[in-house]
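*Asks:* Structure for this input, please:
(one chain, ligands or ions: 2)
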Amino acid sequence: MENILLVKYGEIAMRGKNRYLVENRLISIIIKNLENYGNYRVYKEQGRLLVKCETGEFDYETVIPKVVNILGVVAVCPGVEIQEKNMENIRDVALKHMRKQHGEKKITFKVETKRSDKQFPLDSREVSADIGGFVLNSMDNLTVDVHSPDVILTVELRNSAYVYSSLIKGFGGLPVGSSGKATVLMSGGIDSPVAAFMTAKRGVEIDAVYFDSPPHTSERARQKVIDLAEKLSLYTGKFNLYVVPFTEVQHYLYNNVPPEKITIFLKRAMIKSAEKIALENGSLALITGDSVGQVASQTMQAINSINSAAKELTILRPLCGFDKQEIVDLAKKIDTFEISIRPYEDCCTVFVPKHPETKPKKSIIEKIEKSLSELDDLITESCENKKVF
Ligand code: ATP
Ligand code: MG
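*Replies:* Ligands and ions are numbered 1, 2, ... in the order given. A predicted model of the protein is given here:
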């Protein structure tokens, strides 16, 4: 009998040859998230993962939040493993578990059995009835309620048997790595980290690009983006953050395009630069934190004028239908909000025009851009000077 954490993950993405890769990736994220907290190991067990503590006590309070928030994890269940799975052992362990977890208060309960081991001599109804009867007779504080019990005591029959009575839900989604790759344009703002999270939640592996404009933006503005990436990696696993020096490009645009259009050109330059990096790292799309109508550069006309900067890749905008409040709520839920609101300037606010054009015409923007003879070289140079974190 051993304390374990049972990890349930989305099965849909797990069909065929993907399964092996995706499971291994989940395992490596769990190991990474737990590496500083004790001697934990992760095992595969027929459609589940098991976290075990190899030495000392299992510290559920520390481990659960580090595992349950990984994308693709549907739920985690703190429980007990019974390697020799006969009814006598299961009864014994189920009772000990219930006494330990629910020994005091008066509660209602029922037993559910999942019988993946088709060789097991009893069927799932018989196991539930047997264990339920045994536990009920041995504890005074329990009554049975099969419709809405306070506690569901679950018995899973796999290679070993498992007993648990609480389930903590995760974000669900598809495990990262099961749906290709994308590159996120990540500022230090509230929106783009949420866009990154939403994308990763659909199983897309992400890398991120940040455009840095020293000395107009500070070291601390950059650190903010690094901290955001670090936070996101708890959900997604490790990824690359490319920091691209963009000051030269910005100065060039500032001196060569009409001031009311600068934001559009700047965004186009970011897209061009991000696309170069994305094509090198195997991405199939670019992701931004745009939400339609939020600011001057996010009107439909502006979005249309910016979009054509990408020549090969699709630009996805996962927040396009969200209100600011909905984005803020999600940012709080994934714990990026407090980092995002640190008060450091970003490169767009430094060059923000007094009267930005809200309805730019794509044809005019593209025509002006053709006359910007040094732009492509400056963009190429900025990408070459990127730093990887
Ligand atoms: P955010 O909250 O993500 O900063 P925002 O509401 O401030 O977004 P904008 O500043 O117009 O809106 O930026 C729109 C999108 O452009 C961002 O969500 C992000 O994807 C991208 N972006 C803007 N600035 C940068 C930057 N310095 N580096 C990388 N991407 C950027
Ligand atoms: Mg911003």
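*Asks:* For the strand or helix carrying Asn137, name the packing helices and strands.
*Replies:* Using DSSP states H and E, Asn137 sits in helix 124-138. Under the contact criterion of 3 or more Cβ pairs under 8 Å, 6 or more residues apart in numbering; DSSP states H and E, helix 124-138 touches helix 87-102, strand 107-115, strand 142-144, strand 151-157. Bear in mind the C-beta positions are built from the backbone N, C-alpha and C, glycine included.
*Asks:* Compute the number of surrounding residues for Glu248.
*Replies:* Neighbours of Glu248 under the rule other Cβ atoms under 10 Å: 16.
*Asks:* Equivalent analysis for Leu136, please.
*Replies:* Leu136: 15 surrounding residues under other Cβ under 10 Å.
*Asks:* Who are the contact partners of the residue most central in space within the chain?
*Replies:* Nearest to the mean C-alpha position of the chain, counting by Cα atoms, centre = their mean, stands Tyr235 at 3.7 Å. Each residue near Tyr235 by Cβ atoms under 8 Å, 6 or more residues apart in numbering is listed here: 69-71, 171, 176, 197, 200, 334.
*Asks:* if we go to 6 Å?
*Replies:* With contacts defined as Cβ atoms under 6 Å, 6 or more residues apart in numbering, Tyr235 is in contact with 69, 71.
*Asks:* Report whether the one helix or strand it maps to contacts ligand 2.
*Replies:* Assigning secondary structure by DSSP H and E places Tyr235 in helix 219-236. No: figure legend: helix 219-236 not in contact with ligand 2 (Cβ under 5 Å from the ion); closest approach 10.8 Å.
*Asks:* which of the residues in that helix are buried?
*Replies:* With burial defined by 16 or more other Cβ atoms under 10 Å, the residues of helix 219-236 counted as buried are 221-222, 224-225, 227-229, 231-236.
*Asks:* Look at the nearest residue to Asn33 once chain neighbours are set aside and give its secondary structure.
*Replies:* Spatial nearest neighbour of Asn33, chain neighbours left out: Lys66 (4.2 Å); criterion: Cβ to Cβ, 6 or more residues apart in numbering. Three-state call for Lys66 (DSSP: H, G, I helix; E, B strand; the rest coil): helix.
*Asks:* I'd say Lys66 and Lys32 touch.
*Replies:* No: with contact defined as Cβ atoms under 6 Å, Lys66 does not reach Lys32; the gap is 9.4 Å.
*Asks:* neighbour-wise, which of the two wins?
*Replies:* More crowded of Lys66 and Lys32, by other Cβ under 10 Å: Lys66, with 19 against 15.
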